[in-house]
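# the amino acid sequence is not available; the structure is as follows:
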């Protein structure tokens, strides 16, 4: 029975396409649920002097209004990271300071949204308006201090409150200075990556209530239920064993729901009023009051000999954390973590400051810093290739990591991905600029990338399996399926080991009361980390079934074989169903339940070589991506169709980063791109032909030889497309996105 490496349908696919109620809002069955709305700051930086809620409290239907004077003083972080969180504890539920336009000022709980909104309009707030920092390049050593209060960090992260530095990062491979001294050519360039919106279909939302035992229960569209539980306990100052978090189906996250954006408000209102409550962010709130990708300024210096052998790379980064420091120490570090190993023999240095500003908060986003680092490093390598008149694929073949027993690569070969891509993409023909018509020109570009598979040395996941009385199995996990299909691939793994059809495995996730611990769906950990835990639990289940059969039938373990859907015991065969009925129902045995826990120091990298062909209208500057090929090494593809969809979706997001997506602020710090009408994401028309090829490998530490695929897929489109634009027009864009205005201006200035 072959289930792994097969394109089976998603286990929740029918429910999704038929609209079966399963999302957070669907599960709000109580008609007496309070609706929460937030009064938000109109100023990017201010101190609240007074708040008058007396008139607003008289609005019919208003249950309660809370201000910073009503909330605990404890500071915390909302970053979905394992304890002890590296992110600074720099926020309260409500604070006397507001640090960006949209920062919450008051919490309104009412019988319905209309009453809550009416009350918002009647609250009178007197602000002491402070001068903001809207340009993060002016943040360090400004006379403006975004966080004047004392901020706790669990360990040293380079926090400097007086300098507006939320965190620092540094890494170095020896020989950088010597490398530059030995270089025949040195390039120095500055690149900018913009903030990017997650734009998931289901906006942020949560629903809280007290269960019959008086425990605070929060149902949330989250990637991180166990981290949410810990955050709520700290922020609300109540024991964590009094809290339960349930994750139903999630309508997309892309890293946005790795920050507990809204759960704190419904939990607080329920705690204070003893009534069920819900908060549902509309699209405008989602686009203006949540988190974005970190905007970065990346100063790069590269040295090489005339043959294209890179001697040194120096990277200096300024990263915008926004108003609060969630994920500040970790995101920017991946600029080095995911570029240094790719060019393992090249001396490299990385120095970063992550700073506060009075703009919307930055946080986790698919790619998590590797995206920004890949854009800058791959762009300057492309520029070096052009300067030396060397094919960009060839300069990489000279410098990329070579699989070896002496380095971190235990599977896969990025150079093989390039070779496959050159052939399948017809690189030698497409790379050269071709005039299609008087004002249309085509050309191609490429880039490479890597990511990781979970966080080595930190991520630890568990899976529990129960044998049911009809020979079926219940698989309980804590990882979060947010559309990427981890429920399906983990079911495939369990079914493969247990030698039963997938319909004999019922998967349950994620409930902090019932599910075993899992850090959540982030860092590309679902298949690799939780998958290994599932395999351990399933193998234990087989062992326990054989032990149980030995006891039940008074037979030696050596005389029992575990077969598909059955057991062979000496000279007879019994079905798993018969064994389960007898063992559970009347033979005096305990129900067999096994748990597997896995965590390791390894995080094997998946690789991608990405190739882009563009067509540019030289009269308008319009860019069309005609063809994009990703050659992916992710080890064994557990479900090839789901893996392919992951690549296609990530490529689309990468095209958006390259060409369209940009969060715009007005001069007063207000986000202008506050809807999907103003914030352009790629449509099907913008993604003409996205192709995927897999470069097969086997990762010995991975489940069935698998590595991750969730994040790596977004990293190559931007540098590949930008270089294709250069090949076609000789216009080099170093500040994303590459809008038609930038291209057209560049064409006329050549």
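Nice, I can see it. Remember, it's a predicted structure, so these values are computed and weren't measured experimentally.

# please, where are all the strands along the stretch 651-750 of the chain?
690-694 (DSSP state E, counting those that start in this stretch).

# for burial, what's the neighbour tally of residue 722?
29 (other Cβ atoms under 10 Å). In this view, the C-beta of every residue, glycine as well, is placed from N, C-alpha and C.

# and the residue nearest to it when sequence neighbours are not counted, what does it touch?
Nearest non-adjacent residue to residue 722, counting by Cβ to Cβ, 6 or more residues apart in numbering: residue 733, 5.3 Å away. Residue 733 makes contact with 722, 725, 726, 742, 743, 746, according to Cβ atoms under 8 Å, 6 or more residues apart in numbering.

# okay, residue 733: pLDDT?
What the model reports as pLDDT for residue 733 is 98.

# residue nearest the centroid of the chain?
residue 255 (3.1 Å; Cα atoms, centre = their mean).

# surely it and residue 363 touch.
Yes: with contact defined as Cβ atoms under 8 Å, residue 255 counts as touching residue 363 (7.0 Å).

# can you list the residue ranges for strands in the stretch 451-600 of the chain?
Going by DSSP E, counting those that start in this stretch, the stretch 451-600 of the chain shows strands at 461-467, 473-477, 505-508, 560-563, 566-569, 572-575, 593-598.

# and the ones you listed: which comes nearest residue 88?
Closest to residue 88 of the strands of the stretch 451-600 of the chain, according to Cβ to Cβ: strand 461-467, at 26.3 Å.

# so what touches that closest one?
Contacts for strand 461-467 (Cβ under 8 Å, 6+ apart): 473-479, 490, 494, 498, 515-519, 525, 529-530, 532-534, 536-538, 540-541, 545, 580, 583-584, 591-599.

# mind redoing it with 6 Å?
473-477, 516-518, 529-530, 533-534, 537, 541, 580, 592-597 (Cβ atoms under 6 Å, 6 or more residues apart in numbering).

# mark which of the residues you listed are buried, thanks.
Buried residues within those, counting neighbours by 16 or more other Cβ atoms under 10 Å: 473, 475-477, 516, 518, 529-530, 533-534, 537, 541, 580, 592, 594, 596.

# now the two most distant members of these.
Farthest pair in the buried ones among the contacts of strand 461-467, by Cβ to Cβ: 529 and 580, 29.4 Å.

# now the helices for the stretch 351-500 of the chain?
370-388, 392-399, 414-425, 427-430, 486-498 (DSSP state H, counting those that start in this stretch).

# mind putting these in a markdown table, mean pLDDT included?
Below are the helices of the stretch 351-500 of the chain laid out as a markdown table (pLDDT from 0 to 100):
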| stretch | mean pLDDT |
| --- | --- |
| helix 370-388 | 98 |
| helix 392-399 | 98 |
| helix 414-425 | 98 |
| helix 427-430 | 96 |
| helix 486-498 | 96 |
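
# switch those over to JSON lines; also include mean neighbour count and distance to residue 336.
Below are these laid out as JSON lines (neighbours: other Cβ atoms under 10 Å; distance: least, Cβ to Cβ, whole Å):
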{"stretch": "helix 370-388", "mean neighbour count": "25", "distance to residue 336": "7"}
{"stretch": "helix 392-399", "mean neighbour count": "19", "distance to residue 336": "17"}
{"stretch": "helix 414-425", "mean neighbour count": "20", "distance to residue 336": "18"}
{"stretch": "helix 427-430", "mean neighbour count": "16", "distance to residue 336": "29"}
{"stretch": "helix 486-498", "mean neighbour count": "25", "distance to residue 336": "28"}
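
# among these, which is nearest residue 272?
Per Cβ to Cβ, nearest to residue 272 of the helices of the stretch 351-500 of the chain: helix 486-498, 35.2 Å.

# give me the helices and strands touching that closest one, please.
strand 505-508, helix 531-552 (3 or more Cβ pairs under 6 Å, 6 or more residues apart in numbering; DSSP states H and E).
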